[in-house]
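A.B. asks: one predicted model, sequence on top.
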Protein chains: 2
Amino acid sequence: MNITPEIIGYIAATLTTSSFLPQAIMTIRTRDTESLSLGMYSAFTLGVLLWLVYGVYVSDKAIIFANAITFLLATSILVFKIYNTVVKKHG
Amino acid sequence: MNITPEIIGYIAATLTTSSFLPQAIMTIRTRDTESLSLGMYSAFTLGVLLWLVYGVYVSDKAIIFANAITFLLATSILVFKIYNTVVKKHG
């Protein structure tokens, strides 16, 4: 089997995305975003969005695949983080 | 100023890498890797390494830049995690 760059890209995408999954699922299930910094998580989510845009621009499927999934997860966590932050401020 | 895909890639790389930095620096400073799963962190580090290899293969500077820095940080954290795990087992 000939290991093409594309295959390496897909394996990399699967590894980094799947290593993000448990943390994301736990946060979504527990809604506990206390340990997350809103600033850092916003930067991360924006960064993942831009990787997605970049992947589309350069039509790189591995980048699109990894960042589309990560973006969905990161956005749901960010929504919980913003919700928790707003609720905490205004009770 | 014309926003080229390359610039989007560099901004994405800077955002995701910098959002990883505080967590990495804190773990390296405190050496506290209790909350990290060895399995997940190994998958993450291997994934980042493969993204780096992929970036070199497709000579994509944004991917190389982001993943070279992240790989250095992730590897140092993984070393602490393995050290703490081994020490905890054998006292």
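C.D. replies: Structure's in. What do you need? Numbers count the residues shown, from 1 in each chain, chains lettered A, B, ... in the order given.

A.B. asks: the helix or strand where residue A:46 lies and chain B, are they touching?
C.D. replies: For residue A:46, the enclosing helix or strand under DSSP states H and E is helix A:38-57. Yes: residues of helix A:38-57 contacting chain B under CB under 8 Å from any CB of the partner chain: A:40-41, A:43-44, A:46-51, A:53-54, A:57. Where you see a C-beta, it was placed from the backbone N, CA and C, and this is true even at glycine.

A.B. asks: can you check stretch A:61-74 too?
C.D. replies: Yes: applying CB under 8 Å from any CB, one finds that stretch A:61-74 is in contact with chain B at A:62, A:63.

A.B. asks: what does that stretch contact?
C.D. replies: With CB atoms under 8 Å, 6 or more residues apart in numbering or on different chains as the test, stretch A:61-74 has contacts from A:6, A:9-10, A:12-14, A:16-17, A:20-21, A:24, A:28, A:41, A:44-45, A:48-49, A:51-52, A:54-56, B:54, B:63.

A.B. asks: go again with 6 Å.
C.D. replies: Residues outside stretch A:61-74 that contact it (CB atoms under 6 Å, 6 or more residues apart in numbering or on different chains): A:9, A:10, A:13, A:17, A:20, A:24, A:45, A:48, A:49, A:51, A:52, A:55.

A.B. asks: using CSV, lay out those together with neighbour count and pLDDT.
C.D. replies: Shown next, in CSV, are these (neighbours: other CB atoms under 10 Å in any protein chain shown; pLDDT from 0 to 100):
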residue, neighbour count, pLDDT
A:9, 25, 93
A:10, 17, 94
A:13, 26, 94
A:17, 20, 93
A:20, 21, 87
A:24, 17, 87
A:45, 23, 95
A:48, 24, 95
A:49, 18, 96
A:51, 28, 95
A:52, 21, 96
A:55, 23, 95
